[in-house]
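A.B. asks: here's a sequence, model it:
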Amino acid sequence: FGERERSSGIGDLVLSPGFLLYENGNSGTYISFMENISMPTGNWSEGRALRGGPNLGLHYWYLQHQLAFAQTLMKGKISLDMNINYYQRFKEPRLDVRAGDSFEVEGILGYGITDKLRVGVYADYWTDVRDTKIDGAKIDDSKRKFFGIGPSLSYGTDKWSVNFRFVPDVVSENGPKGYQ
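C.D. replies: All right, here's what the predicted structure looks like:
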């Protein structure tokens with residue numbers, strides 16, 4: 001089973017300087033675009049990285065470009081929420097590693113039991129669009145790919161909401177297989 005390690009503290013900070021929103025309450029259609037910048041501020045150790053141990057920070061910058069879509073039907077009883085994300089990664093300076101950029105589609109098809117309580121099905125598909133590079137050399141067959149699907153339960157008010165989901169990985173290539 002190997003050694004157990006723990007990390008605690010604050011992870012990388014994410015700045016979201018750009019946000020565009022289209023909203024049409026009559027049709028129940030909402031579209032947004034968000035730009036996120038992840039800054040390598042979290043606790044990171046070269047030794048933990050080399051051992052495969054837990055680091056709270058990634059030790060590199062990345063951009064997340066996100067297009068989100070939501071549609072409600074039947075007076076809000078049925079909902080579809082979907083995000084399309086592209087993660088653009090930059091080189092990790094100390095170990096000279098550049099993880100491959102990634103494309104992700106995630107979504108929830110939900111049903112409103114009450115105005116505040118929803119149940120649904122969550123799915124997530126992720127694939128790297130290029131291999132990882134170490135010291136400038138491409139690592140063949142290093143692209144990660146996974147797909148997970150499972151139940152979702154959410155409760156929310158006008159001011160806050162919480163979502164619980166159990167999502168086992170159905171497909172996992174070049175990465176850990178487990179639950180989200």
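A.B. asks: going forward, measure contacts and count neighbours with C-alpha atoms only.
C.D. replies: Fine.
A.B. asks: contacting residues for the residue of the chain most remote from its centre?
C.D. replies: Each residue of the chain has a distance to the centre, and by Cα atoms, centre = their mean the biggest one is for N26: 30.0 Å. Neighbouring residues of N26 by Cα atoms under 8 Å, 6 or more residues apart in numbering: there are none.
A.B. asks: what helix or strand is Q88 located in?
C.D. replies: Assignment of secondary structure by DSSP states H and E places Q88 within strand 78-89.
A.B. asks: name whatever forms a beta bridge with G148.
C.D. replies: With DSSP bridges applied, G148 shows beta-bridge pairing to D124, D169.
A.B. asks: just to revisit the earlier point, so how far is S32 from the residue farthest from the centre of the chain?
C.D. replies: Computed as Cα to Cα, to the nearest Å, the N26 to S32 distance reads 17 Å.
A.B. asks: cool, G9 as well?
C.D. replies: Counting by Cα to Cα, the gap between G9 and S32 amounts to 31 Å.
A.B. asks: neighbour-wise, which of those two wins?
C.D. replies: Relative neighbour count places S32 above the other of G9 and S32, with 15 against 9, counting by other Cα atoms under 10 Å.
A.B. asks: the more buried one pairs with what?
C.D. replies: Beta-bridge pairing of S32 under DSSP bridges involves L21, A68.
A.B. asks: what of the one 5 residues further on?
C.D. replies: In this structure, I37 has the following beta-bridge partners (DSSP bridges): L15, L63.
A.B. asks: so how many other residues sit close to it?
C.D. replies: By other Cα under 10 Å, 18 other residues sit near I37.
A.B. asks: residues touching it, list them.
C.D. replies: 14-16, 61-64.
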